[in-house]
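Q: Below is the structure, and that's it, no one-letter string:
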């Protein structure tokens, strides 16, 4: 029954699809009419669409008629629908060229596929029917076997009863025979009768004793029930106590959040809380709880339940918030993460590198110190260690300065070029002037007085210009080195990038030396832990160390810079 | 741990008196009564034939010896050695005999369960109870000795009669809804009677003292049902062992099942401690030729110890023969410890193992896998100590602190087939086919230490 319904469902699903196809076909036709050329293609598409839709429809019909259909066939049918749809949608877009042959082929293949699927469907149905039959047979078999067992059991019981009756008859007979013979043997020989264990004498059996026995029995039962009731009461009291305690704790737990739920939640929580408060007032009279009456119980359980619900909702809310926060957090991080992550990893890598170096140097230091436990050697060792570090740093600076040098050279080249250009221009100008003067001279031989004045003027001009250009050059040259530290942007950015911790090289130098000092102190601390009283000596070495480190750094600066730059740098360095 | 010398014994008849002062044992037709501490012979009684059953009266004053072959019961008094009493059931025959709780009446069951004769030692009166049912456990007295419940069979129906022991008056008589009643057992508080059906049907019925049906329990149908039943000493739990290898525990408030203890052949619960008995490797001299072991026989006197097996442990299982009646499957024995905290069980298809369950937590606690089939186990009456015997020359003790394997000293083979605790729990009688000895457990400090250690002690 259930399976016969599902094909109908699939049929229904394919129905609208078919309608859509028809609609598309109509629009495709319109397009074709308008374009003329696309007509064939659109029709082909339409046909194909119909072909694609038909299997679905046909199968839906077949499935409907088929009765019990396995889920496998239903699935295949569902697959057939979208495939048809996809092939259909291709044609109206006009991407594939209209080829009736190919379409026909496709139609053929889909038809074949359809037939194949139908065949498979049929086979599966067959299999299913067979399995159903088998299941039914098995069930019948089980039923039969159960019936057999039951009938055998009844037969067995019946036979047993018959035999037992016979056996009882025999027993009765035997009893009569054995007992009624006045068997002399059945007797008890006893020296003398002993007293009862309780010391009392036996009493005659009368109605009174019977009643007494009954009474006693009920007494025993009553005692037992009383005992059990007591136990249960005790247990109840304990549980009530626990409940009460729980309630109190819940109240105390929920009261700080009283405002929040009141703001948001409906009035039920408010009433609950007021209930709680009322109850709390009542709770002081403990005697209430000793009355195990219905109402008290109900009250207690209800209030506990309500509070529990509040607590639960609160916890759920909290959970939701937490999950929300988590989600949001993840989203935010997702947005930034690429950059942040990379930056962070770069930073961390750098740090790791630094730390590694530090560790290496420390290790070396340690080893060397261990090897030569002499105090004098330590300074040299420290210097060695420092030099290693310094070398690394200088390398960096070297590259920096190289770059700067390159820049300077570029600038100088541009300046010389400009100078050459200027010279050429001046040459051209002078030539022009010469020609112009010549012309002037030839044309205006009459104005002698004026001419002489002009010549003077021009010569004065040319002389001043000649004198001016070198000064300009020198000024620009003087300016250049000052300009670099104050802010050629390329240089600065490079500096900051490569040495993010220090804004200027001098600062950098200081921090480095500081760091190295620090490290040396650390190392010394470690190594001289056992010889701690020698504090003065250690300070001494520290001083030595700082002394020795200074010239090294300056040296490095010297080697890396052009003269003018380094001079200023050294001055700067000496300032602090 | 000290052992006494070996004493002669027959038919595994050796019992401590309820007050713990005496020890009665039988050798053929002689009854020997010893002091339980010094083991000096106090009295010697001679019966008419081989003694087949021995029972102390509740007040430890009389001893009953049943000679089933002759249909005779002989009673002896400890206070008056010259006092004697002989009960002859004559041609009716005798299959069972027991004391009533007051120690002044003897209940004799005749052959074919024709009737139960109640003989009094105080008066000449004799009572008869007709139609007793021949079943696994048809007679049960309440712990306080007030009432007797008796299973009966009349007109192919099961009945239970409740008698007042003081005057043998019938108090209640009711039919039970069972196909073929197999056993009855009073709860220790004497207010509830558990009645269970034969193994063909899983059915437990619980009756109040006044005959009302309190509850019925059926775990499953069709396959073989109940094999063993035990009340907890507090009357709080009823443990039911069945042929499906499970123990089900009912509670006393709702009489519904609380839990179900399965006995899987492979243990992989890390919370269970599996003590595996292992033979101690023989000393170096004997390494060349390992001691020849008799097939299926008990171990020769090689030492053994417990090892804690690592999980998972697969226990040795017996394949039950499907074509035989009374298959060796299911929970054949179960017993609560006197403090209610532990339950010991044995699954008959895993005959070498004893399971110990924690009743407070309702979960398995330990499994003891022995090298031989577990013959008997019994809880110590005062402390939760379980004594186990496997028919070998060792006795095994388990306590929550651990377990030990103790070799019974003495020449030759002493195969412990059964054991019984002294009421104080300080000593233990170990019974073999024809000897017995006492094992004193008063523990010295060193022993206590060894007991405290887990597993690796001998």
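A: That came through, no problem. Just so we're clear, the structure is a prediction, and the values are computed from it rather than from any experiment.
Q: residue contacts, residue B:124?
A: residue A:193 (CB atoms under 8 Å, 6 or more residues apart in numbering or on different chains). The C-beta positions use only the backbone N, C-alpha and C, and glycine is treated the same way.
Q: Give me the three-state assignment for it.
A: coil (DSSP: H, G, I helix; E, B strand; the rest coil).
Q: Can you list the low-confidence ranges for the stretch 401-550 of chain A?
A: Within the stretch 401-550 of chain A, the ranges that satisfy pLDDT under 70 run A:445-550.
Q: before we move on, which element is whichever residue of chain A sits closest to chain B in?
A: Nearest residue of chain A to chain B (CB to the nearest CB) works out as residue A:185 at 3.3 Å. Using DSSP states H and E, residue A:185 sits in no helix or strand.
Q: Ok, residue B:194 next?
A: strand B:192-197.
Q: Give me every residue in contact with that strand, excluding its own residues.
A: With CB under 8 Å, 6+ apart as the criterion, strand B:192-197 contacts B:140, B:149, B:151, B:160, B:162, B:176, B:178-187, B:203-209, B:214, B:225-226, B:229, B:231, B:235, B:238, B:240, B:252.
Q: Need the residues that contact the next helix or strand after that strand.
A: Following strand B:192-197 in sequence order, the next helix or strand is strand B:204-208 (DSSP H and E). Residues outside strand B:204-208 that contact it (CB under 8 Å, 6+ apart) are A:221, B:160, B:174, B:176-178, B:191-197, B:213-218, B:226, B:229, B:238, B:240, B:250, B:255.
Q: Okay, and which of the residues you listed map to helices?
A: residue A:221 (DSSP state H).
Q: Go ahead and build a PyMOL selection from the buried members of the contacts of strand B:204-208.
A: The PyMOL selection below is limited to those of those classed as buried (16 or more other CB atoms under 10 Å in any protein chain shown):
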select buried, (chain A and resi 221) or (chain B and resi 160+176+178+191+192+193+194+195+196+197+217+226+229+238+240+250+255)
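Q: related to what we said a few turns ago, now restrict the contacts of strand B:192-197 to buried residues only.
A: By 16+ other CB under 10 Å, those give B:140, B:149, B:151, B:160, B:162, B:176, B:178-187, B:203-209, B:225-226, B:229, B:231, B:235, B:238, B:240, B:252 as buried.
Q: Chain A contacts on the stretch 251-400 of chain B?
A: For the stretch 251-400 of chain B, the contact set with chain A under CB under 8 Å from any CB of the partner chain comprises residue B:253.
Q: Give me the neighbour count for residue A:321.
A: 10 (other CB atoms under 10 Å in any protein chain shown).
Q: Pretty sure it sits in a helix.
A: Yes - assessed by three-state DSSP, residue A:321 belongs to a helix.
Q: For it, list the residues it contacts.
A: Counted by CB under 8 Å, 6+ apart, residue A:321 has zero contacts.
Q: confidence score at it?
A: Looking at residue A:321, its pLDDT is 85.
Q: Residue B:356 and residue B:233, how far apart?
A: 16 Å (CB to CB, to the nearest Å).
Q: Settle it for me: which of the two has more neighbours?
A: residue B:356 (23 against 17).
Q: Let me know whether the more buried one touches residue B:336 as I believe.
A: No - if you go by CB atoms under 8 Å, residue B:356 and residue B:336 don't touch, sitting 11.0 Å apart.
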